[in-house]
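Asks: prediction below, plus the sequence it came from.
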Amino acid sequence: MKFEIYGEEMIDKEVRQSGGSGRIYLPPDWVNRHVKIIRID
């Protein structure tokens, strides 16, 4: 599948275990911003 996305900034992170789900920490200036998450593997 191929996605084409236009945006302002990109961060490459690994999802970590957090209780019964996963978690990604993002910069505090991203709070209240619209983001899209794409699983690549």
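Replies: Looks like it came in fine.

Asks: which residue ranges of this structure form strands?
Replies: For the chain, strands defined by DSSP state E occupy the ranges 16-18, 21-23.

Asks: what average pLDDT does the first one get?
Replies: Looking back up the chat, that one is strand 16-18. Regarding strand 16-18, the rounded mean pLDDT is 97.

Asks: output the contacting helices and strands for it.
Replies: Helices and strands touching strand 16-18, by 3 or more C-beta pairs under 8 Å, 6 or more residues apart in numbering; DSSP states H and E, are strand 21-23. All C-beta spots, glycine's among them, are computed from the backbone N, C-alpha and C.

Asks: same question for the last one.
Replies: Other helices and strands packing on strand 21-23, by 3+ C-beta pairs under 8 Å, 6+ apart, are strand 16-18.

Asks: just the buried positions in the strand it packs on, please.
Replies: Using 16 or more other C-beta atoms under 10 Å as the test for burial, strand 16-18 gives no buried residues.

Asks: rewinding a little: need the strands of the chain in CSV (columns: distance to Asn32).
Replies: Below are the strands of the chain laid out as CSV (distance: least, C-beta to C-beta, whole Å):
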stretch, distance to Asn32
strand 16-18, 21
strand 21-23, 18
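
Asks: what residue is smack in the middle of this protein?
Replies: When C-alpha atoms, centre = their mean is applied to the chain, the residue found nearest the centroid is Ile37 (4.4 Å).

Asks: circling back to that earlier point, of all the strands of the chain, which lies closest to Val31?
Replies: strand 21-23 (14.9 Å; C-beta to C-beta).

Asks: now for the strands of the chain, which one comes closest to Asp29?
Replies: Smallest distance to Asp29 across those (C-beta to C-beta): 18.4 Å, for strand 21-23.
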